[in-house]
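*Asks:* Predicted model and sequence follow; I will ask about them next.
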Amino acid sequence: MGKDRKDGFEEWDGYMNAKITKLEEQFSKASDPFRQTELFKGISIYVNGHTNPSADELKRIMMVHSGVFHHYERSHTTFIIASNLPDVKIRNMNTSKIISPQWVVDCVSAQKIVDYSKYLLYTNQSTSQPKITFQKVEKDDEPKASNVSSIMRDLAELNAKMKETKPDISPEPKQSGSAMTAVDPKFLSEFYNNSRLHHIATLGAGFKKYVSDLRDKHNGDFPDRQKLKEILPKSEIFVKNGQTVMHIDMDCFFVSVGLRKRPHLRGKPVAVTHSKGKSEHVPLKDGVNREKEMDLFVKKIEKKAQDNVKASNINSFSDKSSLSEVASCSYEARAKGVKNGMFMGLAMKLCPGIQAIPYDFEAYKEVAETLYNTVAQYTLNIEAVSCDEMFVDLTDLLNDVETTPMDFVTALRNEVKEKTGCPCSAGVGSNRLQARMATKKAKPDGQFHLLKENVEEYFQNIAIKELPGVGSSTSYTLNELNWKTCGDLQTVSLYKIQAEFGKKFGETLHQFCRGIDNRPLVYGQIRKSVSAEVNYGIRFKENAECETFLKQLCVEVHARLMDIKRKGKCITLKVMVRAPEAPVETSKFMGHGVCDNQTKSVSLTEFTCDLEVITRTVLSTMRSLNIPPHELRGIGIQITKLNEEAPSKKDSVLMNMFSKVAEKQKDKPLKPKETVVEVDKKSEEKSIKGMFSKMSESTKIKSEEEKKPKTKKKNQPTGNIMGMLQNMPSRKRTSDYLVPDDIDESVLAELPEDIRREILQARSDQQKSIEERVKARITKSVKDKKEEIEEIQEEEQEPNIFLQKDNCRILLAWMQSCDEPDSYDVELIIKNAIDLITRKESHEIYDPIAFMCR
DNA sequence: ATCCTCCCCTAC
DNA sequence: TAAGGTAGGGGAGGAT
């Protein structure tokens, strides 16, 4: 992402500032009992721009040492940490507190607050030239009175005193090497800094949020489309051609990014890995028994997965080659059989000339940001999959620009390549599955449009294990059954597939092998859990060490919970324990070896985001598991049953909702779409008629199972407006969540917290049930779409909202139930409005609309 | 029936 | 040496 923490990725809306302060207060209070040291007590930092250590790292350091990390500069921020800042930026800043990140590092290693004046980035005398001083700072430990404020001096003294009285604080390691095991206080941040999987997960989540934020802020205009209109040839084939989905994916992402700085390696077999890839053999610790571990591993997985990577990796267990994993390899290496996830030792055997290149996480982020921004110029109907991969609904865009998918994709890919220096591939189809499978064919550095008329034939020949969702375990079972291609699977009955793979997944397979995929693109996913786990370097001798680490991990997971501004009700501890027969020393350095896993969850009575509660729960859960600390090989903490997303400011809820409705109506006049394959009830992009035409279109692909409507929960309140209408009369506690018209601001402020929670929880059930019912309806063959609509309305006895007695209250409750309106609630309102208009009763609409505006 | 907990599987 | 994370979907089986 950008060099500046204030860019979209990090930005919090201005009105959240008060909230931030509150959270920070809660945070420091809550975390008190578990502070590692009080080193930075009373000190707060704000990180501006890219630094080393990174902002995340600095945040972690501050957390552990009682400091405060500000996401924004505030008046009371003690220091601004930066490496260098552009002139324009510092012009309006108080440069006397901008210091190098090295200060933090040096304070930690000296275990005291060191004189910060030597770390000042700018000597504030008129010059705007940054004076980068941190490179040659000599560690002068004694703060000098002339250079340090009295507060700082006090702090330093305080810290010195505290150290005397707290001899148990483990000293920072003297050796300059890295943190070896989880006992080391630096271990956690060092591990996370180097973990590719951690980065992949974090970046992925970051871009999901990024896209979602972009959508929230967007005004509905895409000026850059003009550019496309000029360049691209006009076409009319796109029109009335149903939904068009693109899947775009960078080619061997980490390698491509790494090659930008290493052009001499282009065209050669390259692998991104921690291993240097130089020596044939790696040193082994005493007690390592690769053969034995390999046997156990084979035994463990023999009944399940033996995907290619795992199976072939087993071979390299038997020698002394590197067990560092290949995160990404070039196509030249793949040609020799090298795969992602493979051990480097094996990769070197398969491909003797393979070049190892190191990770560059900052660069991945930067390239990914460019990719996202490039696509976002033209549309925000983006579902982020990961940092280098996304689905994009092109339907709108193509209709607007009046061009063909392939022309657009060509232009887009060229632009991405030009801006990032990295190739990407894209597939286009009429649903996500088709788009994704098209990308497979397109790779590397290509594009492919899977046309509707070719879908059937195309899928016939695809191996089932190529389908998304089919991994090593499923592949194994498929193999046993001798079901190889989608063509094979098409001849198997739904019932039989479900008998093998379960109800849901069986159904998915049954559809996927035909190229059918009804899952809509999801633009703003709501998080359901937060977790942090470490299954590397876990080697404890005593319980105390284990508990210290657990506390650190709690700090971590707590920080992540705070980051998404949610609370949770269920805390799960996951542990990996050395399998009884497994060697104590693992083959892989600091790896977990062969383990048995266990999870234990605790449901709390209240939602919490309190570090103390989390820590207490986790520690007691760990004690209850009664595992000898030296047998632990992995630890994870997960928080689930999250409460609703933090409510936005009232006004902005209303504004938000109305701007979205307005945007939608502007973009999508109520013109029917002729043919649409996807059932996409969540998408905001569909017109009502389009939605219904889709339903009848997809009639033929519905399975038997879907015909059974889920029974509706009658007693649940709901954020769904249709549900509210239906539940209104019979509900006793109606007044608990439906707020009177004239309610004042303070009451409003009280209400949402628990009511929203209740409503939202029920809403998802309600949505499901409605979805089921709609699906059930559409399985009937219908000749006339209008009849179908009327039939649904009649059978459901769906009341017209504008004709309800309490319509204003219903609307208010609905608006408070979520940040943005569900598309089909909006559709319902539009539908009801149209209904009234056609019945010439449009006067009924006026009051509710006026109310909503008010 | 439905929910809850403890898994397993998959994807990146 | 090496950095084996994270989130979501869903099934089995017991509790309610």
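*Replies:* Received, thanks.

*Asks:* So what pairs up with A:Val534 in the strands?
*Replies:* Listed by DSSP bridges, the beta-bridge partners for A:Val534 are A:Ile635.

*Asks:* Restrict stretch A:520-540 to CA atoms and write it as PDB.
*Replies:* Only the C-alpha atoms of stretch A:520-540 are listed here, as PDB (Å, rounded to 0.1, in the frame of the first residue of the first chain):
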ATOM      1  CA  PRO A 520     -23.100 -13.800  -5.900                       C
ATOM      2  CA  LEU A 521     -20.100 -11.500  -5.600                       C
ATOM      3  CA  VAL A 522     -19.800 -10.200  -2.100                       C
ATOM      4  CA  TYR A 523     -18.500  -6.700  -1.900                       C
ATOM      5  CA  GLY A 524     -18.400  -6.100   1.800                       C
ATOM      6  CA  GLN A 525     -18.000  -9.200   3.900                       C
ATOM      7  CA  ILE A 526     -18.800  -9.100   7.600                       C
ATOM      8  CA  ARG A 527     -16.100 -10.600   9.700                       C
ATOM      9  CA  LYS A 528     -17.200 -13.600  11.800                       C
ATOM     10  CA  SER A 529     -14.000 -14.300  13.700                       C
ATOM     11  CA  VAL A 530     -10.700 -13.000  14.700                       C
ATOM     12  CA  SER A 531      -7.700 -15.100  15.500                       C
ATOM     13  CA  ALA A 532      -4.000 -15.300  16.000                       C
ATOM     14  CA  GLU A 533      -2.000 -18.500  16.000                       C
ATOM     15  CA  VAL A 534       1.600 -19.600  16.100                       C
ATOM     16  CA  ASN A 535       2.600 -23.100  15.200                       C
ATOM     17  CA  TYR A 536       6.300 -22.400  14.900                       C
ATOM     18  CA  GLY A 537       9.000 -22.000  17.400                       C
ATOM     19  CA  ILE A 538       6.800 -23.200  20.300                       C
ATOM     20  CA  ARG A 539       9.200 -24.800  22.800                       C
ATOM     21  CA  PHE A 540       8.500 -24.200  26.400                       C
END
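
*Asks:* buried stuff in that stretch?
*Replies:* A:520-524, A:530-540 (16 or more other C-beta atoms under 10 Å). For glycine as for every other residue, the C-beta is placed from the backbone atoms N, C-alpha and C.

*Asks:* go on, stretch A:187-194?
*Replies:* A:Phe187, A:Leu188, A:Ser189, A:Glu190, A:Phe191, A:Tyr192, A:Asn193.

*Asks:* Now do the fifth one, the pLDDT please.
*Replies:* Right, A:Phe191. As predicted, A:Phe191 sits at a pLDDT of 96.

*Asks:* three-state assignment of it?
*Replies:* Following DSSP: H, G, I helix; E, B strand; the rest coil, A:Phe191 is assigned to helix.

*Asks:* So it sits against A:Val534, correct?
*Replies:* Yes. In this structure, A:Phe191 is within contact of A:Val534 by C-beta atoms under 8 Å, at 6.2 Å.

*Asks:* Please enumerate the shared neighbours of those two.
*Replies:* A:Ala182 (C-beta atoms under 8 Å, 6 or more residues apart in numbering).

*Asks:* ok so, going back, which of the buried residues of stretch A:520-540 fall in strands?
*Replies:* Mapping these onto strands (DSSP state E) picks out A:Val530, A:Ser531, A:Ala532, A:Glu533, A:Val534.

*Asks:* Starting from A:Val392, give me the distance back to the residue of chain A found nearest DNA strand B.
*Replies:* Proximity to DNA strand B, evaluated over chain A using C-beta to the nearest atom of the strand, is greatest for A:Gly471 at 2.3 Å. Distance of A:Gly471 to A:Val392, computed by C-beta to C-beta, to the nearest Å: 25 Å.

*Asks:* Settle it for me: which of those two has more neighbours?
*Replies:* Ranked by neighbour count (other C-beta atoms under 10 Å), A:Gly471 and A:Val392 place A:Val392 first, with 27 against 12.

*Asks:* what about the closest residue to the more buried one other than its chain neighbours, neighbour count?
*Replies:* With C-beta to C-beta, 6 or more residues apart in numbering as the criterion, A:Val392 has its nearest non-adjacent residue at 4.5 Å, and that residue is A:Met246. Neighbour count of A:Met246, defined by other C-beta under 10 Å: 29.

*Asks:* Could I get the ones in strands among the buried residues of stretch A:520-540 in JSON lines, plus columns for pLDDT and distance to A:Gln434?
*Replies:* Formatted as JSON lines, those follow (pLDDT from 0 to 100; distance: C-beta to C-beta, whole Å):
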{"residue": "A:Val530", "pLDDT": "97", "distance to A:Gln434": "33"}
{"residue": "A:Ser531", "pLDDT": "98", "distance to A:Gln434": "33"}
{"residue": "A:Ala532", "pLDDT": "98", "distance to A:Gln434": "36"}
{"residue": "A:Glu533", "pLDDT": "98", "distance to A:Gln434": "35"}
{"residue": "A:Val534", "pLDDT": "98", "distance to A:Gln434": "39"}
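
*Asks:* Now do the strand or helix carrying A:Met562 against strand A:530-534, angle only.
*Replies:* Taking DSSP states H and E as the definition, A:Met562 sits inside helix A:543-563. Taking axes from the mean of the first three to the mean of the last three C-alpha atoms, to 10 degrees, one finds helix A:543-563 and strand A:530-534 inclined to each other by 150 degrees.

*Asks:* With A:Gly421 as the reference, measure out to A:Gly524.
*Replies:* A:Gly524 is 31 Å from A:Gly421, by C-beta to C-beta.

*Asks:* for A:Val577, same thing?
*Replies:* Distance from A:Val577 to A:Gly421, by C-beta to C-beta: 46 Å.

*Asks:* Counting neighbours, go ahead and name the busier of these two.
*Replies:* A:Val577 (18 against 15).

*Asks:* For that one, pull up the helix or strand it's in.
*Replies:* Assigned by DSSP H and E, A:Val577 falls in strand A:568-578.

*Asks:* Just the C-alphas of the helix or strand just after that strand, formatted as PDB.
*Replies:* As assigned by DSSP H and E, the chain's next helix or strand after strand A:568-578 is strand A:595-608. Extracted in PDB, the C-alpha atoms of strand A:595-608 (Å, rounded to 0.1, in the frame of the first residue of the first chain):
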ATOM      1  CA  CYS A 595       1.100 -33.300  16.200                       C
ATOM      2  CA  ASP A 596      -2.400 -34.000  17.700                       C
ATOM      3  CA  ASN A 597      -4.600 -31.000  17.600                       C
ATOM      4  CA  GLN A 598      -7.200 -29.900  20.200                       C
ATOM      5  CA  THR A 599      -9.500 -27.000  20.500                       C
ATOM      6  CA  LYS A 600     -11.500 -25.800  23.500                       C
ATOM      7  CA  SER A 601     -13.900 -23.000  23.400                       C
ATOM      8  CA  VAL A 602     -15.600 -21.000  26.100                       C
ATOM      9  CA  SER A 603     -18.800 -19.100  25.600                       C
ATOM     10  CA  LEU A 604     -19.000 -15.900  27.600                       C
ATOM     11  CA  THR A 605     -22.200 -14.400  28.900                       C
ATOM     12  CA  GLU A 606     -21.300 -11.000  27.500                       C
ATOM     13  CA  PHE A 607     -19.600  -9.600  24.400                       C
ATOM     14  CA  THR A 608     -16.200  -8.500  25.300                       C
END
